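>>> Compute the structure for the input listed below.
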Amino acid sequence: TVVVAVANLSFTPSSLTITVGDTVEFVNTSGIHWVDGRQATFPSNPVSFDNQSQSGSSWTYTQVFNTVGNYDYWCGIHTANMIGTIDVQVASGIPTSKTKKNFDFYPNPASKDIFFNGYENINDVSIYSLTGEKLFHTILEKNPLDISVLKSGIYFVKLNTEKGEITKKLIIQ
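Numbers count the residues shown, from 1 in each chain. Here you go, the predicted model:
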């Protein structure tokens, strides 16, 4: 559980990075505020959350975040002054994308080889299990990458590029 203090026309901390399944507890200690993270207000939020039913100057609002993505929210009363963000990442401990992707791999699902678009700009590749265990790491010197040593299942592929890291799901048949 991560606690966000709601007081003095601010959320503290105003920016969070959590993992799927984590709980954020908003605790209002002074003033009348409304945590508004609804998709009607922020259409790019993966799901809506808000405590509009709360009233008064002392309340606690608890929200469990079960969907990966970036969430924006604000105080529905003090919209210009009170804003916050929450970045919900995969629970395996593998970071989600840090940069926009011009890099990709195919086919997915795969069985023997994966090919990389833009591989000249990829420094290295790591493959992780669903539990976050690093199973494979290599400097990408050629295309395609042989993945035949991996068993059927779901994995995460992390590409380390000049512009940041990109993590994508890989299904091996």
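>>> Phi, psi for the spatially most central residue of the chain please.
In the chain, the centroid-proximal residue (CA atoms, centre = their mean) is residue 89; its distance is 2.9 Å. Residue 89 adopts backbone torsions of phi -110, psi 170, taken as degrees, to the nearest 10.
>>> Could you report the pLDDT at it?
pLDDT recorded at residue 89 is 90.
>>> try residue 80
Taking residue 80 on its own, its pLDDT is 77.
>>> Which residues are in contact with it?
When the contact criterion is CB atoms under 8 Å, 6 or more residues apart in numbering, residue 80 has no partners at all. From N, CA and C alone the C-beta is placed, and that goes for glycine too.
>>> hang on, residue 169 packs against residue 130?
No - counting by CB atoms under 8 Å, residue 169 stays clear of residue 130, with 9.4 Å between them.
>>> which residues are common contacts for the two?
Residues touching both residue 169 and residue 130 by CB under 8 Å, 6+ apart: 154-156.
>>> Dump the C-alpha coordinates for stretch 147-155 into CSV.
The C-alpha trace of stretch 147-155 is given here as CSV (Å, rounded to 0.1, in the frame of the first residue of the first chain):
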residue,chain,number,x,y,z
ILE,A,147,15.0,-18.7,-29.1
SER,A,148,14.7,-22.5,-29.7
VAL,A,149,16.2,-23.2,-26.2
LEU,A,150,13.1,-21.7,-24.5
LYS,A,151,10.1,-23.9,-23.7
SER,A,152,6.5,-23.1,-24.7
GLY,A,153,5.1,-20.4,-22.5
ILE,A,154,4.8,-16.6,-22.0
TYR,A,155,7.9,-14.5,-21.6
